[in-house]
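Chemist: sharing a model prediction with you, sequence too.
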Protein chains: 2
Amino acid sequence: MRVLGIDPGSETTGWGVIDGDRRRYTLVEYGSSKTKANEPFATRLLQICEAIEEIIARLQPDSCALEDGFLKTNVKVTLKLGQVRGVAMLAASSLGIAVSEYAPLTIKSAVVGYGRAEKEQVQLMVARLLRLEEIPQPADAADALAIAICDLHTWATLSRQSAAAG
Amino acid sequence: MRVLGIDPGSETTGWGVIDGDRRRYTLVEYGSSKTKANEPFATRLLQICEAIEEIIARLQPDSCALEDGFLKTNVKVTLKLGQVRGVAMLAASSLGIAVSEYAPLTIKSAVVGYGRAEKEQVQLMVARLLRLEEIPQPADAADALAIAICDLHTWATLSRQSAAAG
């Protein structure tokens, strides 16, 4: 199974694609897409959408996942983040790919095995699970890979449960 | 000039299209698009996007406008609203239509002539300016028409200024 994790941001949107099952994860590709702050926001949204559509068309993931986080307390920042998030979800949805959302605690538990892990611990574990020599940069891409690992972990757990029940 | 005003919401997205110049506005069509709360949010975003794309393809507006409002204080609600808003902006942007955003005070000033007008006054003036016998329903559609009037008002003012300068 192949999964695309996305960490949307109005300036930098990180993404990561991994293959795997419950036992082993393999990195396919990761990266980030930047938009210019001086461009109209509608244009930046279009750029983010096109970037995600290109990744999906090229790497053909089976599933897409985002963090279901409401950490921003500034309403203006939250609204902007929501706009980018909506566009990322739409890009996947319009190409027929299921979109899952995971709470930060769920992602940390899936990657580190501990829901209150620090951001740095999560990034170190992402590198270790994918057998990378360094932590992926920028941090947005590492976060996107953590989300993808969580998605794969969840799918694998669900399919194991249904196999045990069947 | 023809303008599309959009009032995005996660349950109901109102929209309205009007023709006009600074002196006279004519209603083309208005309506609202509802999505089901029990469907996956990514699917609802896709439905909203497709609804707006259909309106743009059919009615061919020259411009699109949204309210630039940050009134929601609940972070979760704001993030959801942002997602719908982003998708609405993207739908217009991807079809090559300029997207403008107006503060609530600007919209009220353009429609009623008074930035602190009540919501009901704005809706009454929308009906009067468009020579309608009743206030458009649902309220989301009336709000979308107010945004469209503000956009037309702004374009007409800008073109008058550039004509006076030229």
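Modeler: Happy to help now that I have it.
Chemist: number of nearby residues for A:Glu11?
Modeler: If you count neighbours by other Cβ atoms under 10 Å in any protein chain shown, A:Glu11 ends up with 14. (C-beta placed from N, C-alpha, C; glycine too.)
Chemist: just A:Arg23 next, same as before
Modeler: A:Arg23 has 6 neighbours, counted by other Cβ under 10 Å.
Chemist: list of residues touching the helix or strand where A:Ala57 lies?
Modeler: Per DSSP states H and E: A:Ala57 is located in helix A:41-59. Helix A:41-59 is contacted by residues A:2, A:4, A:6, A:8, A:10, A:13, A:15, A:17, A:28-29, A:33, A:35-36, A:39, A:64, A:80, A:83-84, A:87-88, A:90-92, A:94-95, A:97, B:86, B:89-90, B:92-94, B:98-99, B:101 when judged by Cβ atoms under 8 Å, 6 or more residues apart in numbering or on different chains.
Chemist: which among the residues you listed end up buried?
Modeler: Buried members of these, counted by 16 or more other Cβ atoms under 10 Å in any protein chain shown: A:2, A:4, A:6, A:8, A:10, A:13, A:15, A:17, A:28, A:33, A:35, A:64, A:80, A:83-84, A:87-88, A:90-92, A:94, A:97, B:86, B:89-90, B:92-94, B:98-99, B:101.
Chemist: so which residues of chain A form strands?
Modeler: With DSSP state E as the criterion, chain A has strands at A:2-7, A:12-20, A:25-34, A:63-67, A:98-102.
Chemist: so what's A:Val84 up against?
Modeler: A:Pro8, A:Gly9, A:Ser10, A:Thr13, A:Leu45, A:Ile48, B:Gly86.
Chemist: JSON lines for the residues you listed, including pLDDT and distance to B:Glu120?
Modeler: Output for these, formatted as JSON lines (pLDDT from 0 to 100; distance: Cβ to Cβ, whole Å):
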{"residue": "A:Pro8", "pLDDT": "93", "distance to B:Glu120": "37"}
{"residue": "A:Gly9", "pLDDT": "89", "distance to B:Glu120": "39"}
{"residue": "A:Ser10", "pLDDT": "83", "distance to B:Glu120": "35"}
{"residue": "A:Thr13", "pLDDT": "96", "distance to B:Glu120": "41"}
{"residue": "A:Leu45", "pLDDT": "95", "distance to B:Glu120": "33"}
{"residue": "A:Ile48", "pLDDT": "95", "distance to B:Glu120": "38"}
{"residue": "B:Gly86", "pLDDT": "95", "distance to B:Glu120": "29"}
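Chemist: which stretches of chain A have low pLDDT?
Modeler: A:22, A:70-72, A:166 (pLDDT under 70).
Chemist: distance check, A:Asp21 against A:His153.
Modeler: Distance of A:Asp21 to A:His153, given as Cβ to Cβ, to the nearest Å: 10 Å.
Chemist: higher neighbour count, these two?
Modeler: A:His153 (22 against 14).
Chemist: isn't that one up against A:Lys108?
Modeler: No. Taking Cβ atoms under 8 Å as the definition, A:His153 is not a contact partner of A:Lys108, at 11.6 Å.
Chemist: so what's whichever residue of chain A sits closest to chain B up against?
Modeler: Closest to chain B within chain A is A:Gly82: 1.9 Å, counting by Cβ to the nearest Cβ. Neighbour list for A:Gly82: B:Thr78, B:Leu79, B:Lys80, B:Leu81, B:Gly82, B:Gln83, B:Arg85, B:Gly86 [criterion: Cβ under 8 Å, 6+ apart].
Chemist: try 6 Å this time
Modeler: Neighbouring residues of A:Gly82 by Cβ atoms under 6 Å, 6 or more residues apart in numbering or on different chains: B:Leu79, B:Gly82, B:Gln83.
Chemist: before we move on, what about A:Ala65?
Modeler: Applying Cβ under 6 Å, 6+ apart to A:Ala65 gives the contacts A:Gly5, A:Ser100, A:Ile147, A:Asp151.
Chemist: run a quick neighbour tally on the last one.
Modeler: Okay, so that is A:Asp151. 28.
Chemist: the first one too?
Modeler: Applying the criterion other Cβ under 10 Å, we find 32 residues in the vicinity of A:Gly5.
Chemist: can I assume it is in contact with A:Ile147?
Modeler: Yes. A:Gly5 lies in contact with A:Ile147 (Cβ atoms under 6 Å); the separation is 3.5 Å.
Chemist: which helix is the longest one in chain A?
Modeler: helix A:139-165 (DSSP state H).
Chemist: what packs against it?
Modeler: strand A:2-7, strand A:12-20, strand A:25-34, strand A:63-67, helix A:104-112, helix A:119-129 (3 or more Cβ pairs under 6 Å, 6 or more residues apart in numbering or on different chains; DSSP states H and E).
Chemist: the same query, at a cut-off of 10 Å, please.
Modeler: In terms of contacts (3 or more Cβ pairs under 10 Å, 6 or more residues apart in numbering or on different chains; DSSP states H and E), helix A:139-165 is packed against strand A:2-7, strand A:12-20, strand A:25-34, strand A:63-67, strand A:98-102, helix A:104-112, helix A:119-129.
Chemist: thanks a lot, catch you later.
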